[in-house]
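# Compute the structure for the input listed below.
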Amino acid sequence: MGFEDLTGTFSVADIVMSIGLSFLLAVVIGFVYRWTHRGVSYSQTFVHTLVILAMIVSVVMLIVGSNIARAFALVGALSIIRFRNAIKETRDVGFIFFAMAIGMATGTRFYTLAAVATGAISGATILMERFNMFKLDVRSQILKIQLPAGMDYSTLFDDVFLRYTSQSELISAESIRAGALTELMYTVRLKGSAKPYELIHDLQELTAGQKVTLLTGYDQTDL
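Numbers count the residues shown, from 1 in each chain. Model prediction:
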């Protein structure tokens, strides 16, 4: 049993093979994504979407085949889609294209290419994660200090920073709570012997007990 299109025939076996292989390879992609994911933004729904996306793209490629008219119709249909959810991590975009590419390969019946590409890209991804490649050793913290509006803060914290940090830099100053407070944001690097709670305590003494926040590991956490 076959289905006639403008360029040739694909059988039920082709359909089953394309969809089935895209599912299996997308599952592999999903496991690789889960194993290599860092941070707290992991989403099971996103992984399910990767699997579904690969299968859908596979079906779309079967439909389009090498027919130019259908390809243009597909582009027109996809152009009306608007994605409302922001991608949380840059690497998520890579996994979306990964799943789409595998779906395209299986849909055009390049089964060997799909399998080899899945293995190669998955291996490279796991390798980078395993050896923590391209890691930049960032040990800076973000320090937020609130103080009453109008207080001169130009040299107010110099002694405290000299005592607890090896590096500090003011990166923003913002008026908050209808102008009642000023919030300062610094990047700081604590000395090895410095205790965060002592730093916070000493800063609060200078700011009349206003809120002081020290964020550690912000570069690896989704805020």
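
# most centrally placed residue in this structure?
Within the chain, the residue whose C-alpha comes closest to the C-alpha centroid is E89; the distance, by CA atoms, centre = their mean, is 1.1 Å.

# for the nearest residue to that one once chain neighbours are set aside, helix, strand, or coil?
Distances taken as CB to CB, 6 or more residues apart in numbering place S41 nearest to E89, at 6.4 Å, with adjacent residues excluded. In short, each C-beta sits where N, CA and C put it, glycine included. The three-state label for S41, taken from DSSP: H, G, I helix; E, B strand; the rest coil, comes out as coil.

# residues touching G103, list them.
Contact partners of G103, counting by CB atoms under 8 Å, 6 or more residues apart in numbering, are S22, A26, L53, A54, M55, I56, V57, S58, V60, M61.

# now the lengthiest helix in the chain: how far from the chain's centre is it?
Criterion DSSP state H: the longest helix present in the chain is helix 12-36. How far helix 12-36 lies from its chain's middle: 22 Å, per CA atoms, centre = their mean, to the nearest Å.

# still on that earlier bit, which one of the contacts of G103 has the most neighbours?
Going through these with other CB atoms under 10 Å as the criterion, the one with the most neighbours is A54, at 32 neighbours.

# That one: which element?
Using DSSP states H and E, A54 falls within helix 44-64.

# Run through who's touching that helix.
Looking at helix 44-64 with CB under 8 Å, 6+ apart, the contacting residues turn out to be 10, 14-15, 18-19, 21-23, 25-27, 29-30, 33-34, 70-71, 74, 92, 95-96, 98-100, 102-104, 106-108.

# I'd like the average pLDDT over it.
Averaged over helix 44-64, pLDDT sits at 90.

# next one: stretch 67-81
67.

# again, but for stretch 132-149
Taken as a whole, stretch 132-149 has an average pLDDT of 81.

# And for stretch 93-110?
So the average pLDDT for stretch 93-110 ends up being 91.

# For the longest strand seen in the chain, buried residues please.
For the chain, the strand reaching the highest residue count under DSSP state E is reported as strand 165-176. Judged by neighbour count (16 or more other CB atoms under 10 Å), strand 165-176 contains these buried residues: T165, S168.

# contact partners of it?
Taking CB under 8 Å, 6+ apart as the rule, strand 165-176 contacts 140, 143, 146, 149, 153, 157, 161, 181-191, 194, 199.

# Mind doing that once more with 7 Å?
Contact with strand 165-176 is made by 149, 161, 182-191, 194, as judged by CB atoms under 7 Å, 6 or more residues apart in numbering.

# TSV for the contacts of G103, including distance to G119?
Below are these laid out as TSV (distance: CB to CB, whole Å):
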residue	distance to G119
S22	15
A26	14
L53	19
A54	15
M55	19
I56	22
V57	19
S58	18
V60	24
M61	21
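
# re earlier: got the angle for the helix holding A54 vs helix 12-36?
150 degrees (axes from the mean of the first three to the mean of the last three CA atoms, to 10 degrees).

# which secondary structure elements does the longest helix of the chain contact?
helix 44-64, helix 90-107, helix 111-130 (3 or more CB pairs under 7 Å, 6 or more residues apart in numbering; DSSP states H and E).
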